[in-house]
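*Asks:* With the input below, show me the fold.
(chains A and B)
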Amino acid sequence: GEDVEQSLFLSVREGDSSVINCTYTDSSSTYLYWYKQEPGAGLQLLTYIFSNMDMKQDQRLTVLLNKKDKHLSLRIADTQTGDSAIYFCAVFRTGFQKLVFGTGTRLLVSP
Amino acid sequence: EAGVTQFPSHSVIEKGQTVTLRCDPISGHDNLYWYRRVMGKEIKFLLHFVKESKQDESGMPNNRFLAERTGGTYSTLKVQPAELEDSGVYFCASSHDLVKGEQFFGPGTRLTVL
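*Replies:* Residues are numbered from 1 along each chain as shown, chains lettered A, B, ... in the order given. Reported below is the predicted structural model:
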């Protein structure tokens, strides 16, 4: 079945850029999502990219997609302590209706 | 517009007991999903409702889990009898878009089975 992998942990300093990586196996994935989970909270939809795009920018967030390598990344510019959270990559294939998630990357931003 | 709500936020029960989780989707969203995250692992799909019909329940772990969505509004997920391995966070999501799959999640119910 579909497999989505992420590194478990990333630590950066406030003001630096963060890059969270994700790889997936299903080349038929149509939409790829990033969700954020803050401590004690639910999953917040951050952004998504359609599979025929290779980049999408939304304020401090940049999503890069390398469809050939099945690699997705989320770059957060000027990372703030409020960005500390778990970030989940999820892939969706139209017609299959379920999101397939990675294990989540815990981002820790230190002052 | 109110988001997806779930009740309770936490539940602690003993092995063998029954627990019922509730999810209220965003108004007007025909699609409702249940997911589960166990012990810090990935979030896994359990099932998908379209209105009151189960569209896909391929992720349901076993027959101790029963999901319903009578009337096509809120949904319940009952675990009976609960086992230790059922502990985790149960998320509900809703969507109105089957093409993009944009799903909006609730805060989750943390279930602890002792």
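*Asks:* Kindly report the residues of chain B close to chain A.
*Replies:* For chain B, the contact set with chain A under Cβ under 8 Å from any Cβ of the partner chain comprises B:4, B:31, B:33, B:35, B:40-45, B:48, B:55-56, B:59, B:91, B:93, B:98-108. Quick note: C-beta positions are derived from backbone N, CA and C, even for glycine.
*Asks:* Separate out the buried members of those.
*Replies:* The neighbour-count criterion (16 or more other Cβ atoms under 10 Å in any protein chain shown) marks B:4, B:31, B:33, B:35, B:42-45, B:48, B:55-56, B:59, B:91, B:93, B:101-108 among the residues of chain B next to chain A as buried.
*Asks:* Near residue A:58, how many other residues are there?
*Replies:* Neighbour count for residue A:58, taken as other Cβ atoms under 10 Å in any protein chain shown: 11.
*Asks:* is it true that it touches residue A:48?
*Replies:* No: in this structure residue A:58 lies outside contact range of residue A:48 using Cβ atoms under 8 Å: 9.7 Å.
*Asks:* Spatially nearest residue to residue 25 (excluding sequence neighbours)?
*Replies:* Chain wasn't specified; assuming chain A. Leaving aside its chain neighbours, residue A:25 sits nearest to residue A:3 (4.6 Å; criterion: Cβ to Cβ, 6 or more residues apart in numbering or on different chains).
*Asks:* that's the wrong chain, I meant chain B
*Replies:* Nearest residue to residue B:25, sequence neighbours excluded (Cβ to Cβ, 6+ apart): residue B:94, at 3.3 Å.
*Asks:* In contact with that neighbour, which residues?
*Replies:* B:4, B:25-26, B:29, B:31-33, B:103-104 (Cβ atoms under 8 Å, 6 or more residues apart in numbering or on different chains).
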